[in-house]
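*Asks:* Mind looking at a prediction? Sequence and model below.
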Amino acid sequence: MAERSLIVEGRGPLGEGNGDVKPGRVGGRRARPRFRGDRRVGLLLPGLPQLLAGRMSAGGYSLALWTALLVLAVLRWERVRGAPTGAWDEQLALATLLLTLGAIWLWSLRDLGKGREPLPRSRDPWSFAIQSFRGNQVALGALLVIGLFYLAALLTPFLAPFDPVAQGSLTTERLLAPSLAHPLGTDHFARDVLSRLLYGARVSLSIGLIAVGIAVTIGTVLGAVSGFLGGAIDAVVMRVVDMVIAFPRLVLLIAIIALFQPSIFLIVVVLGLTQWPHVTRIVRGEVLSVREREFVEAGTALGFSRLRILGRHVVPNILGPVIVAASLGIGDTIVVEAGLSFLGIGVQPPTPSWGTMIADGRNHLLGGWWISTFAGLAIVVVVLAFNLAGDGLRDALDPRGRRGPP
């Protein structure tokens, strides 16, 4: 133990200089700094011990989020107290608030207990991908922005100051500029823009996530089966993919939605069913490469069924490109949904969405610029964050774009 502690300080076992081990490293691996706070501090203020130990990002973000959620609970105590007997979205917001507070608290205490241990350097490819992604500050920042947007969407019943569809006085509260009473102003129907922006985030972000989930599920299944089995099945699946891709997506969306009554459910299904061909092509290409490798041949020689080889050995090895495609696809889906809502064939009033808010403000760009501006900025920030996070995931999951294990 004494020898190990001397190595941590950068000296050899006899107190001599050790040129192979840098200060703060154990066996060439970076060691976590010692915490200067005790567990009682972590119990009261999660993240503060890490902040005092010099881990500004982890400690600062967790402490700031913990404090912000507590302040929100205090300021909206009446809503929080009435949430258990309220609507489903209020119950979901309460569960999100409690789970987030508990997760930050548990993470801080667990991390505090590991404060004297060296960071592990696993040779597992997924562990290396996570470590590579953590080294990309831009991608981490984008992921943080995405997480904050989804957290705000889940906590909307506590964050929104007003009902998003409630109209104020059209004579005194119409087209009010941003102020303390209305931080983002009001629209031409005297509705609070901030409340509509928050409730619109629930719609736009949920549509993007669920639609991409449908597309990725269908595309992964069809692409994996098509690439692994080949033959007539591969030919049929690829011809269907080519046929769907041949139609312009926006025109196809408009045609399908025009035939039915527009609703959120229809938009989610249509967006998901028009995006799967691209995922299918990506998965099929990866499966064609993986199925020729030695572990697949070994499974075949051992008598494993095709379903077992495909589900337990092939699909887990092609998840990297699928995850990247999903992260990039969510941003694209949010833009498409906003475009449909802007054209009036997406989410229907009075349900707020970012696309409908932009459409509502297009006739008031001079006297009420804030109606469209903040919704447009929200779309830009979210889509940019998803693209940056997707680029970071692609670099982390691509073994040719990052360093291998030492």
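*Replies:* The structure has been received and is ready for your questions. A quick note: this is a predicted structure, and the numbers were derived from the prediction, not measured.
*Asks:* show me where pLDDT drops low in the stretch 301-406 of the chain?
*Replies:* 398-406 (pLDDT under 70).
*Asks:* repeat that for 80
*Replies:* Counting by pLDDT under 80, the stretch 301-406 of the chain has low-confidence residues at 302-307, 310-313, 316-317, 397-406.
*Asks:* Can you give the domain ranges for this structure?
*Replies:* As assigned by automatic domain parsing, the chain contains the domains 2-136, 193-397.
*Asks:* Where do the strands of the protein begin and end?
*Replies:* For the chain, strands defined by DSSP state E occupy the ranges 25-26, 29-30.
*Asks:* follow-up on the earlier one: looking at the domains of the chain, which is closest to T156?
*Replies:* T156 sits nearest to domain 193-397 of all the domains of the chain, at 4.5 Å, using CB to CB. (C-beta placed from N, C-alpha, C; glycine too.)
*Asks:* Tell me which residues touch the closest residue to N136 other than its chain neighbours, please.
*Replies:* With CB to CB, 6 or more residues apart in numbering as the criterion, N136 has its nearest non-adjacent residue at 4.5 Å, and that residue is G392. Going by CB atoms under 8 Å, 6 or more residues apart in numbering, G392 touches 133, 136, 138-140, 142-143.
*Asks:* Where among the domains of the chain is average confidence lowest?
*Replies:* Looking over the domains of the chain, mean pLDDT reaches its minimum on domain 2-136, with a mean of 70.
*Asks:* Longest helix in this structure, please.
*Replies:* Criterion DSSP state H: the longest helix present in the chain is helix 193-229.
*Asks:* That one: how far from the chain's middle?
*Replies:* Between the centre of helix 193-229 and the centre of its chain there are 11 Å (CA atoms, centre = their mean, to the nearest Å).
*Asks:* Check stretch 82-94 too.
*Replies:* With CA atoms, centre = their mean as the basis, stretch 82-94 stands 23 Å off its chain's centre.
*Asks:* mind listing what's buried in it?
*Replies:* Across stretch 82-94, burial judged by 16 or more other CB atoms under 10 Å covers 83, 90, 92-94.
*Asks:* ok, the closest residue to P321 other than its chain neighbours - how many residues close by?
*Replies:* Distances taken as CB to CB, 6+ apart put I282 closest to P321, at 5.3 Å, once the chain neighbours are dropped. Neighbourhood size, I282 [other CB atoms under 10 Å]: 19.
*Asks:* distance of I214 from Q275?
*Replies:* Going from I214 to Q275 by CB to CB, to the nearest Å gives 8 Å.
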